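Novice: with the input below, show me the fold.
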Amino acid sequence: MSSANSVLSFSHLSYQVPVKGGAWRTLLDDVSVEVKAGELLAIMGPSGKSTLLDVMALRKTPTGDAFIRFNNRLITAQTMHRISTFVEQEDALLGVLTVRESITYALRLHLPLLPRTEVARRVNRVIIALGLQSCAEQRIGTPISRGISGGVSYSSTKSRPV
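Specialist: Residues are numbered from 1 along each chain as shown. Take a look at the predicted model:
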């Protein structure tokens, strides 16, 4: 389904929520984004980032005339869930695992039938891409047993081996 030339495009994303008195509050207003294979999308700003990600992942239904295309074909929420992974904002790392083990664990949950050699290859690629080589074998840590730094923990949580 995907290739080096794949494009995921989001057009006219809007999102509103009801407020008191029957009015509506606009949280997203006509946002359009295009992401090509191999690109990294950074979403920055004081507010609206989580809402935008929820709408892009089809965890929330956009309002208005929004549409999402993968390689120029309209996609459904089911297709979006099949081609993507959503990582919650809160850390969900197991402190007893190493950085490498945590990324491996996430990938195996997402693609359980992937051969071990391919899992190892993808995990190595993510570790290198995120610059985690120096701490790949360190434990994540817990509140009782110190481990990696908060920044490295964040990178480990947000990584998605593809």
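Novice: can we go C-alpha only for contacts and neighbour counts from here?
Specialist: Noted.
Novice: could I get the helix ranked longest in the chain in CSV with only the CA atoms?
Specialist: In the chain, assigned by DSSP state H, the helix with the most residues is helix 116-129. In CSV, the C-alpha atoms belonging to helix 116-129 read as follows (Å, rounded to 0.1, in the frame of the first residue of the first chain):
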residue,chain,number,x,y,z
ARG,A,116,12.4,-10.9,13.8
THR,A,117,15.2,-9.9,11.3
GLU,A,118,12.9,-7.1,9.9
VAL,A,119,12.0,-6.0,13.4
ALA,A,120,15.7,-5.7,14.3
ARG,A,121,16.4,-3.8,11.1
ARG,A,122,13.6,-1.3,11.6
VAL,A,123,14.4,-0.8,15.3
ASN,A,124,18.0,0.0,14.4
ARG,A,125,16.9,2.4,11.7
VAL,A,126,14.7,4.3,14.3
ILE,A,127,17.5,4.3,16.9
ILE,A,128,19.9,5.9,14.4
ALA,A,129,17.3,8.3,13.1
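Novice: how far out from the middle of the chain is it?
Specialist: Relative to its parent chain, helix 116-129 has a centroid offset of 17 Å by CA atoms, centre = their mean, to the nearest Å.
Novice: that helix packs against which elements?
Specialist: For helix 116-129, the packing partners by 3 or more CA pairs under 8 Å, 6 or more residues apart in numbering; DSSP states H and E come out as helix 99-110.
Novice: buried set for the helix it packs on?
Specialist: 99-108 (16 or more other CA atoms under 10 Å).
Novice: the inter-axis angle of it versus helix 116-129?
Specialist: 130 degrees (axes from the mean of the first three to the mean of the last three CA atoms, to 10 degrees).
Novice: just the CA coordinates of helix 99-110, formatted as CSV?
Specialist: The C-alpha trace of helix 99-110 is given here as CSV (Å, rounded to 0.1, in the frame of the first residue of the first chain):
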residue,chain,number,x,y,z
VAL,A,99,15.3,1.9,24.8
ARG,A,100,15.9,-0.8,22.2
GLU,A,101,13.5,-3.2,23.9
SER,A,102,10.8,-0.5,24.2
ILE,A,103,10.9,0.3,20.5
THR,A,104,11.0,-3.4,19.6
TYR,A,105,8.0,-4.0,21.9
ALA,A,106,6.0,-1.2,20.3
LEU,A,107,6.8,-2.5,16.8
ARG,A,108,5.9,-6.1,17.7
LEU,A,109,2.6,-4.9,19.1
HIS,A,110,1.8,-3.0,15.9
